[in-house]
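Q: Sequence and predicted structure, then a few things I'm wondering about:
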Amino acid sequence: MAQLATIPGNAMGIQNRSSLKNQFYLPLKRWLLLNFRLDDTYFRKQPDRIWLNTQLYPRLAKLEQGRILFVGCAYYTWESLKLFNRGVDLVTVDIDENNVIWGGKKHLVASILDIDNFVAPASFDIVLLNGVFGHGVDTREMQEQTYKALHNILKPDGMLLVGWNNDLIPDPTELQICKELFYKSEYEGLPQRTSFQNSTHVMDFLRAKKV
């Protein structure tokens, strides 16, 4: 069952209580890991990560309101969370409870396959699903279930970013369920699909159909 991390604020209708662990221990541990043990240089140099930080996130930073679900948390995604406007209700989610340390102030420990069991329907404007298909959500059946769950929690015309690798899985946007629930669309001047030289990564923008 999904667990909401004990953090200040109210996410997904669940009240959270602050704790010494989240106020002091996790920030200290995160700082120590980033400064003395973990090095994100490799990831920051990847073309898809550069595109996120220089093209997509600056556009999202202009949003002054709305709700965004950021799927998948790691030490190399932590700095990216700081790029979002504070007026946006940013919720992070990861299936691994050890990654709470890399999540935002509102964080869920849950599988994306059944996220709609723990999040209110039509409650998100944007879902960022990068590096999940092909990295745990690998089979067609798992991807179909994910599409259904995300469509349930997105508002009509809500935006879904799908980042995937063409050397790991077939094109997930060609799945029939994807075509039934979403339509392809550009986003704020960015093309519907972006690929990268010397990289197998692909970024696709989709929007939730009204069904």
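A: Nice, thanks for sending it over. Since we're looking at a predicted model, the values are computed, not measured.
Q: contacts, neighbours, all on C-alpha from now
A: Fine.
Q: How far does the helix or strand encompassing residue 146 sit from its chain's centre?
A: With secondary structure defined by DSSP states H and E, residue 146 is part of helix 140-153. Distance of helix 140-153 from its chain centroid, counting by C-alpha atoms, centre = their mean, to the nearest Å, is 14 Å.
Q: buried sites along it?
A: Applying a neighbour-count criterion of 16 or more other C-alpha atoms under 10 Å, one finds 143, 144, 145, 146, 147, 148, 149, 150, 151, 152, 153 buried in helix 140-153.
Q: Next SSE downstream of that helix?
A: According to DSSP H and E, the helix or strand after helix 140-153 is strand 154-165.
Q: who's in contact with the next helix or strand after that next one?
A: Proceeding N to C from strand 154-165, the next assigned helix or strand is helix 176-181, under DSSP H and E. Residues from elsewhere that reach helix 176-181 (C-alpha atoms under 8 Å, 6 or more residues apart in numbering): 144, 147, 148, 151, 172, 173, 208, 209, 210, 211.
Q: Would you indicate which residues of helix 176-181 are buried?
A: Result for helix 176-181 [16+ other C-alpha under 10 Å]: buried residues 178, 181.
Q: Quote the end-to-end distance of stretch 170-182.
A: 18 Å (C-alpha to C-alpha, to the nearest Å).
Q: Stretch 87-97 now?
A: End-to-end span of stretch 87-97 (C-alpha to C-alpha): 26 Å.
Q: May I see the buried residues of that stretch?
A: Neighbour-count burial for stretch 87-97, counted by 16+ other C-alpha under 10 Å, picks out 88, 89, 90, 91, 92, 93, 94, 95.
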